[in-house]
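K.L.:
Take this sequence and fold it.
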Amino acid sequence: MDQRRHEIVAWIGSDILPHEAEVRRWLARRLSGAQVDDVVQEAYCRLIALDGVSHIENGRAYFYITVRSIIAAQVRRARIVRIDSVAEMGALNIIEDEPSPERVVWARRELDRVRSLIEGLPERCRQVFVLRRVEGISQKEIARRLGISESTVESQAVRGLKLVLKAISEGEQETPMARGFERRGGNGRNRTRTR
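P.N.:
Below you'll find the predicted structure:
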């Protein structure tokens, strides 16, 4: 796995995942449940497709900027636009930096792969990981629901994250799309047909 990709995966794990529940709550005040999931998924697609993260000083702020950019793009694409959406879009003050279609496809494949890695976690670890990292439920509430200690919740959430990140880093070398994409430099030339 090339160093740059490893750096991005590690950065997402340390600087983005801890803020997901907060971002989901913020989105839930503005969007429906399904839309929240779509925006968060698209944000991860954009983040994993970055060329690098060394220029990003604040992961939390960058996550919010990415989410706002996605909302702004959705509002622009909508056929019927509510007047309050237009006002909110103006307040977002976002400069678009849209990834190429190839990068979006590649990032979506990576996200699907992460989902399948989460599904492959040991049962208790998967339960805790999904409740904590995906649904944003507190450690205390998870402990109550599952009848385990908060320290077990914490250790299982950390274990799940480590297992997923390790599998991503080990699997990166075997991803033909990623290798082909890196050889082309991600500039959109020599487009690969996808189903």
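K.L.:
Please identify the buried residues of the helix or strand containing Ala61?
P.N.:
Counting by DSSP states H and E, the element that carries Ala61 is helix 59-77. Residues of helix 59-77 classed as buried: 59, 62-72, 74-75 (neighbour count, 16 or more other C-beta atoms under 10 Å). For every residue, glycine as well, the C-beta is placed using N, CA and C.
K.L.:
ok, and the closest non-adjacent residue to Gln35?
P.N.:
Leu27 (7.6 Å; C-beta to C-beta, 6 or more residues apart in numbering).
K.L.:
thinking that neighbour is in contact with Gln41, fair?
P.N.:
No. Between Leu27 and Gln41 there is no contact under C-beta atoms under 8 Å: 11.6 Å.
K.L.:
Give me the more crowded residue out of these two.
P.N.:
Ranked by neighbour count (other C-beta atoms under 10 Å), Leu27 and Gln41 place Leu27 first, with 23 against 16.
K.L.:
Give the burial count for Ser151, as a bare number.
P.N.:
Look at Ser151: counted by other C-beta under 10 Å, it has 10 neighbours.
K.L.:
give me the element the residue nearest to Gln35 is part of.
P.N.:
For Leu27, the element it lies in under DSSP H and E is helix 20-28.
K.L.:
And that helix, how far out from the chain middle?
P.N.:
The chain centre lies 13 Å from the centre of helix 20-28; the measure is C-alpha atoms, centre = their mean, to the nearest Å.
K.L.:
Report the rounded mean pLDDT for it.
P.N.:
For helix 20-28, mean pLDDT is 89.
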